[in-house]
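Asker: Starting from these lines, generate the structure:
(one chain, ligands or ions: 1)
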Amino acid sequence: MLYHLLYPLADRIGAFNVFGYITFRTGAATLTALFLSFVLGPPLIRALGRLRVGQPIREIGPDHQEKEGTPTMGGLLILLALAVSVLLWTRLDNRGVWIVLGLTIGYGLLGFLDDYRKVRSQKSDGIRARTKLLWQFVLAFGVAWLIYTDPSFDKELAVPFFKNFTPNLGWFYVPLAAMVIVAASNAVNLTDGLDGLAIGPVMIAAGTFLGLCYIAGHAGFADYLAVKHVPGSGELTIFCGALVGGGLGFLWFNTYPAQLFMGDVGSLALGGALGAIAVVIRQEILLAVVGGIFVVETLSVMIQVASFKLTGRRVFRMAPIHHHFEEMGWAEQKIVVRFWIISIILAIVSVSSLKLR
Ligand code: 57M
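Answerer: Take a look at the predicted model:
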C-alpha cells in the first residue's frame with residue numbers, strides 16, 4: 001500500500017524513491033512483522049489464557065503433561081503480523097502476492113476451525129481428517145488453476161542440479177501443484193510437536209525462498225543463474241521477509257519452555273504458504289530439499305504406519321521422528337536445535353544447486 005501512496009511522490013521528494021526498491025520494502029516488511037508480533041504477543045497470550053484456549057495433551061507417547069494448558073492458536077499472531085506487513089509493503093496490483101496471501105489465510109481459517117473444535121471439546125481431535133484434506137485440496141486446486149491459466153505461465157518443471165532437463169508437464173501441472181501445497185501444509189503440521197521445531201525450519205525455508213523469489217523476479221539475475229524468470233515474483237520476496245519477521249517474533253514466545261503453540265491455524269497456513277510460494281516461482285522440487293526436515297518427518301509417519309500394518313512391528317519408537325529421539329532420551333532442545341542445523345545445511349545445499357548443474 002505504501003508503494004502506491006508514497007512512491008509516486010518521489011518526483012517531488014527524492015527520498016521516496018526508496019519505496020520503489022524491493023530490497024528496501026523487504027527489510028521494512030521483515031521489521032514490521034517482527035515488531036507487530038513482539039508487541040501483540042503478550043496481550044494475545046493473556047487473552048488466549050483468559051479464554052482458556054489451552055492445548056489438550058495426549059496421554060500416549062513422550063511425557064508432555066507439563067505443557068497441558070499452554071495457549072494455542074499462536075498462528076493468529078504470525079498471520080496477523082504477516083498480513084498487515086504484506087498489505088503495507090507489497091504492490092497491491094501483484095497477482096502472485098494475492099494468490100499466496102489468499103491461500104495462507106484460507107488454510108489459516110481451516111486450521112482455526114480445527115483448533116477451535118479441539119479446544120472446545122478438550123480432545124486432540126478437531127475437524128475430521130478427511131474433511132480437512134478435502135478443503136485443503138479445494139483451495140490448493142484453486143491456486144494451481146489460477147497460476148496455470150496465467151498468460152505468462154510456462155509448463156516446464158525446474159529440476160534442481162539439472163540445467164537442461166525441464167520436463168513439460170502440460171495440464172498435469174495443476175494436480176501436481178495442488179499436491180505440493182497440500183503436502184507442504186500437512187508436513188509442517190506433523191512437524192509441529194516440540195517447542196520451536198516447526199517455526200525454525202519454516203523461517204529457514206522462507207529465508208531461502210526470499211532470495212529465490214528475488215532472483216526469479218529479476219530477468220537479469222534469473223538469466224545469469226538459469227532460474228525460471230517469473231515476472232512479478234520479486235514482490236514475493238517481501239512476503240517471505242514478512243514471514244521470517246512474524247516467525248521470529250513468534251519464536252520469542254514459542255521457544256522452550258513455550259508460552260504459546262502455533263496451533264493448526266499456524267502450521268497449516270505456514271506450510272501452505274511455503275507450498276504456494278514454491279508453486280508460483282516454479283521451484284516445487286527445490287521446496288522438498290529446503291524443507292527436507294518436513295519431508296523426513298512425513299516419511300517417518302508413512303514408514304511407521306506401513307510397517308505396523310504390514311508386519312505388526314514399528315520401525316521407530318514413535319513417529320513422527322522427533323518423538324523417536326525423545327523416546328531415546330534426547331532433550332527437547334537438543335532435538336529442536338539439531339533439526340534447525342539440518343535445515344540450515346539443506347538451505348545451503350538448495351542455494352548451491354543454482355550454480356552446481
Ligand atoms: C500435529 N500436534 C501435536 C499444537 C501445535 C498420523 C499421526 C502421526 C498424526 C500425528 C498428529 O496428530 N500430528 C498433528 C501434532 C500437539 O501440538 C498441537 O498441534 C498443533 C500443530 N497441529 O501447534 O497446538 C502437541 O505437540 C506438542 N507441541 C510442543 N510444542 C509446540 O510448539 O510441545 C506442539 C507445538 C502439543 C504438545 O505436546 O500438545 C501432537 O503431537 O499432538 N500424531 C502424532 O504425532 C502422535 N504419533 C503417533 O500416534 N504415532 C504412532 C503412529 C500413528 C504413526 C506411532 O508411532 O506408532 C504423537 N503425538 C503426541 N504424542 N502428542 C504420539 C505421542
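
Asker: wait, what's in contact with whichever residue of the stretch 1-150 of the chain sits closest to the ligand?
Answerer: Of all residues in the stretch 1-150 of the chain, residue 61 sits closest to the ligand, at 2.3 Å by C-beta to the nearest ligand atom. Any C-beta I mention is one placed from the backbone N, CA and C, and that applies to glycine too. Shown in contact with residue 61 (C-beta atoms under 8 Å, 6 or more residues apart in numbering): 318, 323, 326, 327.

Asker: ok, now residue 202?
Answerer: Contacts of residue 202 by C-beta under 8 Å, 6+ apart are 188, 243, 247, 270, 271, 274.

Asker: try it again with 7 Å
Answerer: Contact analysis of residue 202 by C-beta atoms under 7 Å, 6 or more residues apart in numbering lists 188, 247, 270, 274.

Asker: does the nearest residue to the third one once chain neighbours are set aside belong to a helix or a strand, and which?
Answerer: In this case it means residue 270. Among residues not flanking residue 270 along the chain, residue 202 sits closest, at 4.9 Å (C-beta to C-beta, 6 or more residues apart in numbering). Element membership of residue 202, judged by DSSP states H and E, is helix 199-217.

Asker: after that helix, next one along is what?
Answerer: Following helix 199-217 toward the C-terminus (DSSP H and E): helix 219-224.

Asker: which element follows that next one toward the C-terminus?
Answerer: Counting by DSSP H and E, what follows helix 219-224 is helix 235-254.

Asker: and the gap between residue 85 and residue 266?
Answerer: 16 Å (C-beta to C-beta, to the nearest Å).

Asker: I misspoke; the intended subject was residue 13.
Answerer: 39 Å.

Asker: Comparing these two, which residue is more hemmed in?
Answerer: Applying other C-beta atoms under 10 Å to residue 13 and residue 266 shows that residue 266 carries more neighbours, namely 34 against 9.

Asker: and the closest residue to the more buried one other than its chain neighbours, how many neighbours?
Answerer: Spatial nearest neighbour of residue 266, chain neighbours left out: residue 75 (2.2 Å); criterion: C-beta to C-beta, 6+ apart. By the criterion of other C-beta under 10 Å, residue 75 has 29 neighbours.

Asker: do residue 93 as well
Answerer: Counted with other C-beta under 10 Å, residue 93 comes out at 11.

Asker: and it, that one's in a helix?
Answerer: No: according to DSSP: H, G, I helix; E, B strand; the rest coil, residue 93 belongs to no helix; its state is coil.

Asker: Please compute how far stretch 70-82 lies from its chain's middle.
Answerer: With C-alpha atoms, centre = their mean, to the nearest Å as the basis, stretch 70-82 stands 13 Å off its chain's centre.

Asker: can you tell if that stretch touches the ligand?
Answerer: Yes: against the ligand, stretch 70-82 shows contacts by C-beta under 6 Å from any ligand atom at residue 72.

Asker: What residues sit buried inside that stretch?
Answerer: Residues of stretch 70-82 classed as buried by neighbour count (16 or more other C-beta atoms under 10 Å): 70-82.

Asker: and which of the residues you listed is nearest to residue 299?
Answerer: Nearest to residue 299 among the buried residues of stretch 70-82: residue 75, at 24.4 Å, using C-beta to C-beta.

Asker: Output the helix holding residue 202 as CSV, nothing but the C-alphas.
Answerer: Provided in CSV are the C-alpha atoms of helix 199-217 (Å, rounded to 0.1, in the frame of the first residue of the first chain):
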residue,chain,number,x,y,z
ILE,A,199,8.9,-22.4,13.1
GLY,A,200,12.7,-22.7,12.8
PRO,A,201,12.7,-24.7,9.5
VAL,A,202,9.7,-22.6,8.3
MET,A,203,11.8,-19.4,8.7
ILE,A,204,14.9,-21.0,7.2
ALA,A,205,12.8,-22.1,4.1
ALA,A,206,11.2,-18.7,3.9
GLY,A,207,14.6,-17.1,4.1
THR,A,208,15.9,-19.3,1.2
PHE,A,209,12.8,-18.5,-0.8
LEU,A,210,13.3,-14.8,-0.1
GLY,A,211,16.5,-15.0,-2.2
LEU,A,212,14.9,-17.3,-4.8
CYS,A,213,11.9,-15.0,-5.4
TYR,A,214,14.2,-12.0,-5.8
ILE,A,215,16.2,-13.9,-8.4
ALA,A,216,13.1,-15.3,-10.2
GLY,A,217,11.6,-11.8,-10.4
